[in-house]
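Engineer: sequence and predicted structure below; questions after.
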Amino acid sequence: MQVAVFKNEEEIGIVAAKRVARLIKSNPEAVLGLATGSSPVPLYRELVKMHLANELSFAQNRAFCLDEYVGLADDHPEAYRNFIDRVFTSHVDFQPGAVRAPSTSGPNLKEGALEYEAAIRAAGGVDLQILGIGADGHIGFCEPGGPLNSRTHLVFLTEQTRRDNARFFDGDITQVPRMGLTQGLATIMEARELLMIATGENKKAAVTAMVEGSVSAHWPSTVVQYHNDAIILLDEAAASGLTMRDHYQVNWEGFLETEWTDYE
Ligand code: F6R
């Protein structure tokens with residue numbers, strides 16, 4: 001795990017966007033894994049900027065969203081498919097049909113989950129998976145207590161997750177769906193590279209457990225410790241519980257002005 005701590009989310013957005021751009025330039029057909037939620041928004045903003053400046057095209061890329069709520073109307077603005085469209089994909093040049101999310105409107109969600117797994121596999125797997133982390137340690141919607149080797153599956157969202165996400169639903173937890181369909185931890189772990197963004201004090205406990213704790217279903221994101229190409233971009237608040245920060249923090253001083261290749 002490469003951990004790096006930055007001053008603010010704008011810096012993280014720039015650094016993360018450089019990483020994504022570097023991948024797409026070296027492999028224009030790269031398959032991206034997209035997280036929703038607020039953490040990656042600064043990254044998506046930077047990618048849109050690069051695209052509008054004619055520096056980056058997504059015309060040959062495909063992308064798979066991590067998860068989706070169950071029970072929201074297809075046109076609900078907080079359905080993750082619509083969220084990602086609004087903050088990112090509709091502003092760049094993905095081809096029609098190139099961006100997929102788990103379908104939660106079909107009659108058989110379990111079958112839908114299997115089809116989603118098959119579609120990811122048929123695309124050759126995810127090259128770079130963008131991740132956030134829940135305050136309860138979830139990635140995707142893989143909540144605490146679930147198996148560490150899960151594939152795309154239906155989940156009940158924890159009370160913590162529903163409380164945290166109520167901010168997207170007028171602060172009203174009763175409007176937050178109780179279930180989601182999510183890529184599993186094993187699905188996520190098959191991505192060739194993980195790029196996680198975590199910002200803010202309420203991520204401190206989850207980040208500390210993920211980086212310094214024992215691997216446990218109690219903190220699902222700890223499974224990332226088994227990934228051999230995971231980058232964790234944090235702000236000071238999210239990193240504030242780490243006791244051994246100097247041992248694993250990459251020295252990325254000056255990184256914002258530099259290209260990734262200069263560091264490899
Ligand atoms: C959403 C997802 C979730 C979020 C997590 C953090 O697609 O995968 O794991 O990344 O709930 O959400 P934010 O970034 O809103 O704090």
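Structural biologist: Cool, the structure landed.

Engineer: now the residue in the stretch 1-150 of the chain that the ligand sits nearest to: closest residue in space that isn't a chain neighbour?
Structural biologist: Closest to the ligand within the stretch 1-150 of the chain is residue 132: 2.3 Å, counting by CB to the nearest ligand atom. Using the backbone N, CA and C atoms, a C-beta is placed for each residue, glycine as well. Take residue 132 and drop its neighbours on the chain: the residue closest to it by CB to CB, 6 or more residues apart in numbering is residue 39, 3.7 Å away.

Engineer: show me where the stretch 51-200 of the chain has its helices.
Structural biologist: 80-87, 109-122, 159-165, 185-189 (DSSP state H, counting those that start in this stretch).

Engineer: give the other helices and strands that the second one contacts.
Structural biologist: Think helix 109-122. strand 62-65, strand 153-156, strand 179-182 (3 or more CB pairs under 8 Å, 6 or more residues apart in numbering; DSSP states H and E).

Engineer: including mean neighbour count, distance to the ligand and mean pLDDT, could the helices of the stretch 51-200 of the chain go into JSON lines?
Structural biologist: Below are the helices of the stretch 51-200 of the chain laid out as JSON lines (neighbours: other CB atoms under 10 Å; distance: least, CB to the nearest ligand atom, whole Å; pLDDT from 0 to 100):
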{"stretch": "helix 80-87", "mean neighbour count": "20", "distance to the ligand": "6", "mean pLDDT": "98"}
{"stretch": "helix 109-122", "mean neighbour count": "16", "distance to the ligand": "14", "mean pLDDT": "96"}
{"stretch": "helix 159-165", "mean neighbour count": "17", "distance to the ligand": "6", "mean pLDDT": "97"}
{"stretch": "helix 185-189", "mean neighbour count": "23", "distance to the ligand": "9", "mean pLDDT": "98"}
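
Engineer: how about the strand or helix carrying residue 17: buried residues?
Structural biologist: Using DSSP states H and E, residue 17 maps to helix 9-26. Buried positions in helix 9-26, judged by neighbour count with 16 or more other CB atoms under 10 Å: 9, 11-21, 23-24.

Engineer: Throw the residues you listed into a markdown table and include distance to residue 228, thanks.
Structural biologist: As requested, the buried residues of helix 9-26 are exported to a markdown table (distance: CB to CB, whole Å):
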| residue | distance to residue 228 |
| --- | --- |
| 9 | 27 |
| 11 | 26 |
| 12 | 22 |
| 13 | 25 |
| 14 | 25 |
| 15 | 20 |
| 16 | 19 |
| 17 | 23 |
| 18 | 21 |
| 19 | 16 |
| 20 | 19 |
| 21 | 22 |
| 23 | 16 |
| 24 | 21 |
